[in-house]
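Q: give me a model of this one.
(2 chains)
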2 protein chains.
Amino acid sequence: MDRKNEKSEAKGKGGNKPPQSDKPEGFLQVERTANFQLLPKIVKRRVYALKRLQLQSANIEAKFYEEVHELERKYAGLYQPIFDKRRDIVAGAIEPTDEECEWQSDREEEELAEDLQKKAALEEKQADSAGADDPKGVPEFWLTIFKRVDMLAEMLQEHDEPILKHLQDITVKFSEPGQPMSFTLEFHFEQNSYFSNTVLTKVYKMKSEPDAEDPFSFEGPEIIDCEGCKIDWQKGKDVTVRIVKKKQKHKGRGTVRTVTKEVPQDSFFNFFSPVKASPDGMDEDLDLTLATDFEIGHFFRERVIPRAVLYFTGEALEDDESFEEEDLEEGEEEEDLDEEGEEEDEGEFDPTKDPPPAECKQQ
Amino acid sequence: MDRKNEKSEAKGKGGNKPPQSDKPEGFLQVERTANFQLLPKIVKRRVYALKRLQLQSANIEAKFYEEVHELERKYAGLYQPIFDKRRDIVAGAIEPTDEECEWQSDREEEELAEDLQKKAALEEKQADSAGADDPKGVPEFWLTIFKRVDMLAEMLQEHDEPILKHLQDITVKFSEPGQPMSFTLEFHFEQNSYFSNTVLTKVYKMKSEPDAEDPFSFEGPEIIDCEGCKIDWQKGKDVTVRIVKKKQKHKGRGTVRTVTKEVPQDSFFNFFSPVKASPDGMDEDLDLTLATDFEIGHFFRERVIPRAVLYFTGEALEDDESFEEEDLEEGEEEEDLDEEGEEEDEGEFDPTKDPPPAECKQQ
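A: Take a look at the predicted model:
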């Protein structure tokens, strides 16, 4: 679970703030190190002692995150019955009771969109009276989520859609205590004509200890690697490749021949064949692709799986987007008129520099 | 402790991605709701059941965060001896042993900045030989941090600096079990000529349960309110106000009189007199000021207090900034030459649209 919101919803800084230093960033950087270098030896020595204490802190912090991971494992067990019920309702395996379907804002929502409601009522009637189109569970539940969440829609190709109609559940499993920290995303499919697997998996391996080389950068568990799975495609059904015919001209002889070749093709299912990090960390494109993959894995775990229905209805999307769009402005106008008449300042009080009194009132 | 890094360090999306939908945002928003409204009644009913399950999840999540808070309280106890030692070294109450000051990169750092080192060596010698300037502990430790961290430097005024030289420690205290969730920042001052308080406090009250009105927006504890403290300023030492003389002209009679008036003035110490949220939530400026205050409170708790020495040396600053500056570009060039000769495509394979093969390799 993501705790970033504990920061309150403020994303930018605003209000009446004195202007920032106008020194260029590079200068500040040097100045910062310089300040430390210029400390008397005896003080520097003490600061090294503080840094050693900081190392001890980082190691305690690592233990804290291990315990949080334990907690997450414990809570995964508490969520499971709810997720199981969700899966069963989505698949149509169980029909919820009237009580289980009561929703207070049901009426409100429908009032909000009267024309849509009429259209819906019509379709409902048609569907109900015909009885022909009796949908099972919530059709295309997960596919709809893939289409609606930008990060997933970016991976989704037209040829993936018929396959994802068979996706019945996505779950997350945490590593066992004592094992290296990881989580596994499991994509559960009903029997289909595309591949024989019933579960596709992606394991995200995590590291939850300070790096020996750079211990102070530690801020909790980090995804460090991932592993996909082999998809047993039925013959000719693999959407991650495309067969192309190619003409090849021999450089020396000038003869031309035609060969068929499988070339990779965009597909969500490439998610199960992740790239490997460049060994020297020098391939930026590769590392960026991997970073995006890690981000998607984290997003499945933290957002999509725990609150799937809200992505299905669009409610979670609106939240995410309104948050991103927030654009805070700095500075503000103030109006502060003296009650008794016009005001002339004699002191150094400058109303354009000081905050308006409302902001400084003692409570 | 902030767990945002678990998301890996990726901030943007990049790599080879198909172009996004070009539908305008407003349309998408309507489309999202519409999709749900147009579902057959029987399916909508099941989705309401899923939403009720989601409410149960939110309540379990609230309990999870309460347990995390318990863990944080427990770990606060484990960190305390380290923080106490930091305080004592900073104040000069204890002198660390040689062993406690050993720092491997000591030499490296000094080699990196030879000229600075020479200058420092000179100053060291002067200080050492004179013996006159024998600094106690780490002078201006906290003031230096205030100056270096942008978010704090924005609040800092020149008249605050002599006062903050007396700041000896900043600590955080968590609310007791069973009490409403909160944390208190404590600013510990040595005796000084500005105010008689030895501790200035700021309490941040938190809420860790889904809001009845909007339960799905719950994402963990959120700061909802804060409370400062009364500073017992010595006469004439209050830097949060300024005395100004004003001429006032009576509107009717036209007579002029001079009055003295205390007007608010920018100061870090206004941090202890926070504004109150507008009761109707309609005063955007006020709410923005408060949101910034919450952000600062969170920053003290999560960053400054746990890793003060890294802000003092500048190490944490470099991390923060390089992270912010990262600017990911979308799309990339590819080079994919056929080994045997020139390649002419016959199929629909378009190398500008498909990912380069390296990205699609099965592992």
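Q: and A:E102, how many residues sit next to it?
A: Other residues lying near A:E102 total 13 when counted by other C-beta atoms under 10 Å in any protein chain shown. (C-beta placed from N, C-alpha, C; glycine too.)
Q: let me fix that: A:Y75
A: Count around A:Y75 with other C-beta under 10 Å applied: 18.
Q: ok, now A:Q54?
A: 21.
Q: likewise A:E219?
A: With neighbours defined by other C-beta under 10 Å, the count for A:E219 comes to 20.
Q: what kind of secondary structure is it in?
A: Under the three-state scheme (DSSP: H, G, I helix; E, B strand; the rest coil), A:E219 adopts coil.
Q: quick check on it: phi, psi?
A: Backbone torsions for A:E219, taken as degrees, to the nearest 10, come to phi -140, psi 30.
Q: per-residue confidence at it?
A: You'll see A:E219 listed with a pLDDT of 87.
Q: residue in the stretch 101-250 of chain A nearest to chain B?
A: A:V244 (3.1 Å; C-beta to the nearest C-beta).
Q: tell me the pLDDT at that residue?
A: 91.
Q: just the element for the closest residue to A:L152 other than its chain neighbours, please.
A: Spatial nearest neighbour of A:L152, excluding adjacent residues (C-beta to C-beta, 6 or more residues apart in numbering or on different chains): A:F146 at 4.5 Å. Using DSSP states H and E, A:F146 maps to helix A:141-148.
Q: mind checking what helix or strand follows that helix in sequence?
A: helix A:150-153.
Q: got the buried residues for that following helix?
A: A:151-152 (16 or more other C-beta atoms under 10 Å in any protein chain shown).
Q: now that helix - C-alpha only, PDB.
A: Output of helix A:150-153 as PDB, limited to C-alpha atoms (Å, rounded to 0.1, in the frame of the first residue of the first chain):
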ATOM      1  CA  ASP A 150      -3.400   4.800 -19.500                       C
ATOM      2  CA  MET A 151      -0.400   3.000 -18.300                       C
ATOM      3  CA  LEU A 152      -1.900  -0.400 -19.300                       C
ATOM      4  CA  ALA A 153      -3.700   0.900 -22.400                       C
END
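Q: tell me the helix or strand right after it.
A: helix A:161-164.
Q: select the longest helix from chain A.
A: Criterion DSSP state H: the longest helix present in chain A is helix A:41-91.
Q: the very next helix or strand once past it vs chain B: in contact?
A: Proceeding N to C from helix A:41-91, the next assigned helix or strand is helix A:98-101, under DSSP H and E. Yes - applying C-beta under 8 Å from any C-beta of the partner chain, one finds that helix A:98-101 is in contact with chain B at A:100-101.
Q: for helix A:98-101, packing partners?
A: With contacts taken as 3 or more C-beta pairs under 8 Å, 6 or more residues apart in numbering or on different chains; DSSP states H and E, helix A:98-101 sits against helix B:41-91.
Q: can you confirm whether the helix it packs on lies near chain A?
A: Yes - interface with chain A: helix B:41-91 contributes B:41-43, B:45-54, B:56-57, B:60-61, B:63-65, B:67-68, B:71-72, B:75, B:78-79, B:82, B:85-86, B:89-90 (C-beta under 8 Å from any C-beta).
Q: still on that earlier bit, which other helices and strands contact the longest helix of chain A?
A: strand A:167-174, helix B:41-91, helix B:98-101, helix B:114-130, helix B:308-313.
Q: what's the most buried one of the ones you listed?
A: Highest mean neighbour count among these (mean count of other C-beta atoms under 10 Å in any protein chain shown): helix B:308-313, with a mean of 24.
Q: any idea of the mean pLDDT for that helix?
A: 95.
Q: just the C-alpha atoms of that helix, please, in PDB.
A: This file holds the C-alpha atoms of helix B:308-313, laid out as PDB (Å, rounded to 0.1, in the frame of the first residue of the first chain):
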ATOM      1  CA  ALA B 308      19.800  15.400   9.400                       C
ATOM      2  CA  VAL B 309      23.500  14.800   8.900                       C
ATOM      3  CA  LEU B 310      23.000  14.100   5.200                       C
ATOM      4  CA  TYR B 311      21.300  17.500   4.800                       C
ATOM      5  CA  PHE B 312      24.100  19.100   6.800                       C
ATOM      6  CA  THR B 313      26.700  17.600   4.400                       C
END
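Q: is that helix anywhere near chain A?
A: Yes - judged by C-beta under 8 Å from any C-beta, helix B:308-313 comes into contact with chain A through B:308-310, B:312-313.
Q: out of those, flag the one nearest to A:P215.
A: Minimum separation from A:P215 among these (C-beta to C-beta) is found for B:L310, which lies at 10.6 Å.
Q: now the closest one. Nearest residue, chain neighbours left out?
A: Using C-beta to C-beta, 6+ apart and skipping the chain neighbours, the partner closest in space to B:L310 is B:A316 (3.7 Å).
Q: for the one you found, give me its contacts.
A: Applying C-beta atoms under 8 Å, 6 or more residues apart in numbering or on different chains to B:A316 gives the contacts A:216, B:303, B:307, B:310.
Q: count the residues that sit near the first one.
A: One way to gauge burial is a neighbour count; for A:F216, by other C-beta under 10 Å, it gives 19.
Q: picking that back up, pretty sure the residue of the stretch 101-250 of chain A closest to chain B contacts A:V259?
A: No - counting by C-beta atoms under 8 Å, A:V244 stays clear of A:V259, with 9.3 Å between them.
Q: if you count surrounding residues, which of these two has more?
A: Set A:V244 next to A:V259 and count neighbours by other C-beta under 10 Å: A:V244 wins out with 16 against 11.
Q: tell me if the more buried one really is in a strand.
A: Yes - under three-state DSSP, A:V244 sits within a strand.
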